[in-house]
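> My questions concern the predicted model and sequence given below.
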Amino acid sequence: MKQKILIVEDEFIVANDLRIMLEKAGYKVCGIAPSVVKALELIAAKEPDWILLDIFLQGDKTGIDLAGQLTEMGIPFIYISANTNQGILEAAKATLPYGFLVKPFREKDLMVMLDIARYRHEQNLKYNHHTEPPLHKQIEHIAQKQEPVSQRLKQISAAMHPVVPFDFLWITRSKPRTTTKDVYISRASDGTFNIFSTDALLKETNISDRDFKTWNGTALVHNGKPIFNGYDFRKLRMESRSVQALSDHYKLESALITEIERDTEVFQFIFFNQLSDLYTKVHSGIIAQFKKSLELIIDKIILSKGSVAQTPAVDVPVVEKPIIKKEQAIEIQKDFNGIIGNSALLHAAFKKLELVAPDDTSVLILGESGTGKEKIAQTIHKLSPRKNKPLITVNCAALPLTLIESELFGHEKGSFTGANEKRIGKFEQADGGSIFLDEIGELPLEAQVKLLRVLQEKEIERLGGNYTKKINVRIITATNRNLEKEVAEGRFRLDLYYRLNVFPIELPALRDRKEDIPALAAYFIDKYGKKGSSLVTSISTDALNEMQDYHWPGNVRELEHLIERSMLLTEGEMITKVELPNSTSATGFSGDDHFKIKTMEEMEREHIMSILQLCKGKIFGPGGAAEILNIPSTTLNSKIKKLGIKFEFVK
């Protein structure tokens, strides 16, 4: 007997169509609810196994509000919504659904999504995975770091912004009223966050200390109303001189307010945005679900003994072992199957890896370029029962558009012009083992459809063939793209995303685990010392501190190339200087071109050509264009071919 499903949808025609589809497929529909209140009544009475949940419902509460309660109850759910903008997708993702269907959809889409969701739910129960929202875990980790308050606030802001977008955030104590611990966070145009104490904010906005004390004698009165858009925000401005001053300076047009009680004290979090109609009840619902995260911010940061420093003052973590010697490398480094590091974030990824490796579950590895996604894929295969079978790696970005199907699934002799012999595709080569699809976000939509079929049916059909072949392959994928954004913009299939995203492993950027830099430097000094003739065995305190200050856009790959290059340039046994890239790199765009409108392809072509000219045509290795651009050399080669860049153009 198939499971019971509750439909939470306020449009009766849509809900009834869903009911007919589900009952036709053998599911039992135990009710239709147009609101959160009615849904909770039916859940208590009918005890459904699954819930199909619309986001915008009748009443004040949304599907987002209900989703939080469903997670606590342990009831799995799938969103059904006509809204797929990035903000809604981020908010929905934070509630950990098992699927997301976009209206209108076909009956087949619904059945496939239910199959995917059921499989993901079984895997999550098996691993006891997703026991609490990832954002809360992330904020908990950041809040407990032994780092300056301003640094932690910036990291928390970056984590919260995708879920609750804001251009300015004001955290203040409203009961008993005081501004001594006020925190102000502004978001710059480049996406970074600036942290201000009260004194720093007054200087920034040219507000006098006297005016500030007069305006902030009483807390902001909002009478329990969370959302202020349009007229409501203009009224709020009139009633609060502080809001008026902030909105004038930062061009703010809307606000979202929530209060957090800690013992006898009450704190206000006031999120502002430059858009006049941004905040909806979806955002207030999300904030309600993440009150534990806001409580952590109050307890661990706002009420901590550390003071909030203005952003320009950069705090550098203390380096406990400033000089690293080659002979000490084995003692310093922490090695997990060849992956170096001992930070909490990296160990969280290791824990997930050890958990999922022995199974056949699909794994999606997320992380920026250079964080070691391929190394993680190799480790998963190495620790799995398939370790004696092949691991086939496919760089999706390097596959020519015309040959993707042939490369992945193979072709028969004579199936197209130039097919002079039969070809075995990558999936067939990986039969019995694993296939690693790197840069999966680069795969074109047509190829995504075929890949989804392989995942669902576990069979392939060679191009030009007239029969299908069953395969037994474990799928491991990786991307440095934001797949939710790709889905929202129509470049990645939603059903494929949920099929691949059964067990995600997120790899932290190097800038988020700088405590691992000494161990990584030691490892690379030892590695290249054995390979070459360099006498280098150590690195100076100043050089290591300089590396600790750097942002590392290219992550571990960039660090490795830097150490290798520094060893070649160093005379003696100690690296005393590292040549870190400048914050502004040559792009080759001249002022004459400033007013010329160019396509994205033209801009990308010119940028790649300028870097190739800078590197004198060198693509691979230290100092090559791939290193400077922070992309794999295979990806760069593919782009060079696609953009028609010839070698003679870059001399």
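Structure's in. What do you need?
> Who are the packing partners of the longest helix seen in the chain?
Taking DSSP state H as the criterion, the chain has its longest helix at helix 107-127. With contacts defined as 3 or more CB pairs under 8 Å, 6 or more residues apart in numbering; DSSP states H and E, helix 107-127 has these neighbours: helix 12-24, strand 77-81, strand 100-102, helix 494-500. Heads up, the C-betas are built off the backbone N, CA and C, glycines and all.
> redo that, cut-off 6 Å
Other helices and strands packing on helix 107-127, by 3 or more CB pairs under 6 Å, 6 or more residues apart in numbering; DSSP states H and E, are helix 494-500.
> for the record, mean pLDDT for the helix it packs on?
Mean per-residue pLDDT for helix 494-500: 82.
> Put the alpha carbons of that helix into CSV.
Below are the C-alpha coordinates for helix 494-500, written out as CSV (Å, rounded to 0.1, in the frame of the first residue of the first chain):
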residue,chain,number,x,y,z
LEU,A,494,15.2,21.1,-10.6
ASP,A,495,14.5,17.3,-10.7
LEU,A,496,18.1,16.5,-11.6
TYR,A,497,19.3,18.8,-8.7
TYR,A,498,17.2,16.9,-6.2
ARG,A,499,18.3,13.6,-7.7
LEU,A,500,22.0,14.5,-7.3
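> on that earlier part again, residues of the longest helix of the chain that come out buried?
110, 112-114, 116-121, 123-124, 127 (16 or more other CB atoms under 10 Å).
> Likewise for stretch 490-497?
Here stretch 490-497 shows 491-497 as buried, counting by 16+ other CB under 10 Å.
> ok, which stretches of the stretch 251-400 of the chain are helices?
Assigned by DSSP state H, counting those that start in this stretch, the helices in the stretch 251-400 of the chain fall at 281-289, 291-297, 329-332, 344-356, 373-382.
> for the record, mean pLDDT for stretch 4-15?
Per-residue scores along stretch 4-15 average to 92.
> looking at it, residue 612 is touching residue 626, isn't it?
No. Assessed by CB atoms under 6 Å, residue 612 is found out of contact with residue 626, at 10.2 Å.
> Excluding chain neighbours, what is closest to residue 268?
residue 174 (4.9 Å; CB to CB, 6 or more residues apart in numbering).
> that's a strand at the one you found, yeah?
Yes. Judged by DSSP: H, G, I helix; E, B strand; the rest coil, residue 174 forms part of a strand.
> Now do the same contact list for it.
Residue 174 makes contacts with 219, 266, 268, as judged by CB atoms under 6 Å, 6 or more residues apart in numbering.
> Count the neighbours of the closest residue to the second one other than its chain neighbours for me.
In other words, residue 266. Closest residue to residue 266 apart from its sequence neighbours, by CB to CB, 6+ apart: residue 175 at 3.9 Å. Residue 175 has 13 neighbouring residues, counting by other CB atoms under 10 Å.
> Against residue 65, how distant is residue 175?
25 Å (CB to CB, to the nearest Å).
> Next: residue 417.
For residue 417, the distance to residue 65 - CB to CB - is 58 Å.
> Those two: which is more packed in?
residue 65 (21 against 6).
> circling back: average pLDDT for the longest helix of the chain, rounded please.
Per-residue scores along helix 107-127 average to 79.
> What of stretch 190-203?
pLDDT averaged over stretch 190-203 gives 87.
> What of stretch 274-287?
84.
> Now find how far off-centre that stretch is within its chain.
21 Å (CA atoms, centre = their mean, to the nearest Å).
> hmm, back to that, which neighbours do residue 612 and residue 626 have in common?
Counting by CB under 6 Å, 6+ apart, nothing touches both residue 612 and residue 626.
> Can you tell me which of the buried residues of stretch 490-497 is nearest residue 637?
residue 491 (22.1 Å; CB to CB).
> Spatially nearest residue to the closest one, not counting backbone neighbours?
Using CB to CB, 6+ apart, the nearest residue to residue 491 is residue 445, at 7.2 Å.
> count of residues packed around the one you found?
11.
> tell me the phi and psi of it?
phi -60, psi -40 (degrees, to the nearest 10).
> and it, what pLDDT?
Per the predicted model, pLDDT is 87 at residue 445.
> for residue 586, same thing?
37.
> And residue 399, by the same measure?
For residue 399, the model assigns a pLDDT of 82.
> where's the closest residue in space to it that isn't next to it in sequence relative to residue 392, distance?
Distances taken as CB to CB, 6+ apart place residue 407 nearest to residue 399, at 5.5 Å, with adjacent residues excluded. Counting by CB to CB, the gap from residue 407 to residue 392 is 11 Å.
> do residue 455 as well
Counting by CB to CB, the gap from residue 455 to residue 392 is 16 Å.
> picking that back up, which one among the contacts of residue 174 gets closest to residue 82?
Among those, and counting by CB to CB, the member closest to residue 82 is residue 268, at 33.7 Å.
> Same list, the contacts of residue 174, but as JSON lines with distance to residue 75 and neighbour count please.
Listed next are the contacts of residue 174 as JSON lines, based on distance: CB to CB, whole Å; neighbours: other CB atoms under 10 Å:
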{"residue": "219", "distance to residue 75": "38", "neighbour count": "19"}
{"residue": "266", "distance to residue 75": "33", "neighbour count": "16"}
{"residue": "268", "distance to residue 75": "33", "neighbour count": "18"}
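> Right, I'll call it a day here.
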